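Novice: Provide a 3D model corresponding to the input given below.
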Amino acid sequence: MKKKYSFKTIITKKDLINFSKLSGDNNKIHIDKKYAIKKGFKGNVVHGAFIVSLFSKLIGNKLPGNGALILFSEYKFHYPAYLNLSIIIGGKIISISKSTSTTTLKLYAKYEKNGKIISTGKSIVRFK
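Specialist: Numbers count the residues shown, from 1 in each chain. Got it, this is the predicted structure:
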């Protein structure tokens, strides 16, 4: 089992619109750039749930990977995620319990260019 893993991603306007449709969250700060700027943001704000879905991608595909099932998660959002910027999604295993087949992960999302933290989190995951 890998101990840590990360990947880079860029969220586009098309991704954001598709996520809005899928989730039903059409808050104007996500889909209307002018409105978001008027509210004090630099542009369209990526949904927090979109970032969480990238944590799920990390867990389900790599850390620990296939067969993983999230049992518990908590997240903090430190800075908004914006479109068309390279974001690193990563995590590391901080403990493993073979008796319960669970692992605890620390997670993060950050901008590649300046290292500014978008979100941090913790998940307990069952693995087989």
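
Novice: Quick check, central residue of this protein?
Specialist: residue 51 (2.9 Å; Cα atoms, centre = their mean).

Novice: On the pLDDT front, check residue 128 for me.
Specialist: For residue 128, the pLDDT comes out at 80.

Novice: quick one: the residue nearest to the centre of the chain is in a helix?
Specialist: Yes - assessed by DSSP: H, G, I helix; E, B strand; the rest coil, residue 51 belongs to a helix.

Novice: Can you check the pLDDT for it?
Specialist: Reading off the model, residue 51 has pLDDT 98.

Novice: I'd assumed residue 118 was in contact with it.
Specialist: Yes - shown here, residue 51 and residue 118 form a contact pair, counting by Cβ atoms under 8 Å, at 6.4 Å. Where C-beta positions appear, they are placed from N, C-alpha and C, glycine not excepted.

Novice: Could you tell me which residues touch both of those two?
Specialist: Shared contacts of residue 51 and residue 118, defined by Cβ atoms under 8 Å, 6 or more residues apart in numbering, comprise 77, 81, 109.

Novice: Tell me if I'm right that the second one and residue 15 touch.
Specialist: No - judged on Cβ under 8 Å, residue 81 makes no contact with residue 15 at a distance of 11.2 Å.

Novice: which of these two has more neighbours?
Specialist: Set residue 81 next to residue 15 and count neighbours by other Cβ atoms under 10 Å: residue 81 wins out with 22 against 15.

Novice: before we move on, what SS does the residue in the chain sticking out farthest from the centre have?
Specialist: No residue in the chain sits farther from the centre than residue 99, which is 28.5 Å out by Cα atoms, centre = their mean. Here residue 99 is recorded as coil under three-state DSSP.

Novice: same thing with the one 5 residues further on?
Specialist: Remark: residue 104 carries the secondary structure label strand [criterion: three-state DSSP].

Novice: start the count at 58, not 1, going forward
Specialist: Renumbered: residue one is now 58, and that last one reads residue 161.
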